[in-house]
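> Just need the structure, nothing else, for what follows:
(one chain, ligands or ions: 1)
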Amino acid sequence: MTKEAHASQVYLSYASWAADKGFDGIANFLFRHAAEERNHMMKILEYILQRNGKVHVTAIPAPDADPVSVNNCFEKVFQSEIDNTKEIYNLVNLSMEEKDWATWNFMQWFVKEQIEEETLALNLLAKIKIAGGEKAGGDALYNLDRDLEKEPDEAKSAEDATTANP
Ligand code: FEO
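Numbering: from 1, shown residues only. Purely as a prediction, here's the structure:
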């Protein structure tokens, strides 16, 4: 729960950084994602309550330092998703060790979600790389910012793709 809350704060922080730098499209994309991460936190909270567990609401660690560039921002987003995936895999492992199959089953939604989130983050990195990476100039960043305003929140995961709809 706290890890998802932390992910939400990370997106909130980077979105604020992007807005401050005038990248409103990137900010909009990251703000929307902050809300999505908070929904993930709520999903876990509701599951704990449903299973008669005790919810512990704890302090959320502060997000990492501000990015130094759009390229760095997307690298940090990707790293944050990788960290989150590791935590989710830890829970999957734990549920398996404890033969808690209800939780194991519940966690599969998050395993699938992380595939999408990592894809989304990799897509961001691919876009900034095409735009020139750290050397991306004003025009390229302007176009990227405009495009991200329209980017959907969910990336299609490979396992949902079909030959007719790749
Ligand atoms: Fe809820 Fe991006 O992990």
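> Give the burial count for Asp24, as a bare number.
15 (other CB atoms under 10 Å). Using the backbone N, CA and C atoms, a C-beta is placed for each residue, glycine as well.
> got the contact list for it?
The contact partners of Asp24, taken as CB atoms under 8 Å, 6 or more residues apart in numbering, are Ala18, Asp145, Glu149.
> Any idea how far the helix or strand harbouring the first one is from the middle of the chain?
Using DSSP states H and E, Ala18 falls within helix 2-20. Using CA atoms, centre = their mean, to the nearest Å, the mean C-alpha position of helix 2-20 is found 10 Å from that of the whole chain.
> ok, back up a step: want to throw the contacts of Asp24 into TSV with neighbour count, pLDDT and distance to Tyr47?
Compiled in TSV, these are given as follows (neighbours: other CB atoms under 10 Å; pLDDT from 0 to 100; distance: CB to CB, whole Å):
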residue	neighbour count	pLDDT	distance to Tyr47
Ala18	24	95	32
Asp145	21	87	37
Glu149	13	80	33
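> on that earlier part again, how many degrees apart are the helix or strand following the helix holding Ala18 and helix 2-20 in direction?
Once the chain leaves helix 2-20, the next helix or strand it forms, by DSSP H and E, is helix 24-50. Compare the direction of helix 24-50 with that of helix 2-20 by axes from the mean of the first three to the mean of the last three CA atoms, to 10 degrees and you get 160 degrees.
> in helix 24-50, what's buried?
Along helix 24-50, these residues count as buried under the neighbour rule (16 or more other CB atoms under 10 Å): 25-31, 33-34, 36-38, 40-41, 44-45, 47.
> before we move on, back to that, of the contacts of Asp24, closest to the ligand?
Ala18 (17.2 Å; CB to the nearest ligand atom).
> isn't the closest one right up against Cys73?
Yes: with contact defined as CB atoms under 8 Å, Ala18 counts as touching Cys73 (6.6 Å).
> anything in contact with each of these two?
Between them, Ala18 and Cys73 share the contacting residues Ile26, judged by CB under 8 Å, 6+ apart.
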